[in-house]
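1. Sequence and predicted structure are below.
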Amino acid sequence: MSSKDKNLTPVQQEYKKFEQEREPKRPVLKNCIKAFFVGGFICLIGQLISTFYITYFDFTERSAGNPTV
């Protein structure tokens, strides 16, 4: 128990225990996997745009990002 918990009344302590039991579990691994794939998809789109400009408009790798800024 922390010092905050010591100042709680018995009813408040009981409620705190009750709410901790009822709190939904967070799907951390699932969220990390989703974030990985969404971030990868965003990077893929950026790479496709760069490749498009390099292929069809004869931009260099260095200048291919300029139109997107």
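-> Structure's in. What do you need? Numbering: from 1, shown residues only.
2. in the longest helix belonging to the chain, what's buried?
-> Looking across the chain with DSSP state H, the single longest helix is helix 28-57. For helix 28-57, a neighbour-count test (16 or more other CB atoms under 10 Å) marks 50, 53 as buried. The C-beta positions use only the backbone N, C-alpha and C, and glycine is treated the same way.
3. pLDDT weak spots in this protein?
-> For the chain, the stretches with pLDDT under 70 are 1-3, 5.
4. In space, not sequence, find me the middle residue of it.
-> The centroid of the chain falls nearest to residue 35 when counting by CA atoms, centre = their mean (5.1 Å).
5. Quick check: that residue vs residue 45, distance?
-> 16 Å (CB to CB, to the nearest Å).
6. same thing with residue 21?
-> 43 Å.
7. what do you get for residue 34?
-> In terms of CB to CB, residue 34 sits 17 Å off from residue 45.
8. from memory residue 49 sits against residue 59, does it?
-> No: contact criterion CB atoms under 8 Å: residue 49 and residue 59 do not qualify, at 10.7 Å.
9. Please name the residues that touch residue 51.
-> residue 64 (CB atoms under 8 Å, 6 or more residues apart in numbering).
10. wait, isn't residue 68 in contact with residue 52?
-> No: Residue 68 lies out of contact with residue 52 (CB under 8 Å); the separation is 10.4 Å.
11. Quick check on residue 8: phi, psi?
-> phi -80, psi 150 (degrees, to the nearest 10).
12. Skipping its backbone neighbours, what lies nearest it in space?
-> residue 16 (6.7 Å; CB to CB, 6 or more residues apart in numbering).
13. Three-state assignment for that neighbour, please.
-> Of the three states, residue 16 takes helix according to DSSP: H, G, I helix; E, B strand; the rest coil.
14. And residue 61, by the same measure?
-> With three-state DSSP as the criterion, residue 61 reads coil.
15. Counting neighbours, what do you get for it?
-> Per other CB atoms under 10 Å, the neighbour tally for residue 61 reads 10.
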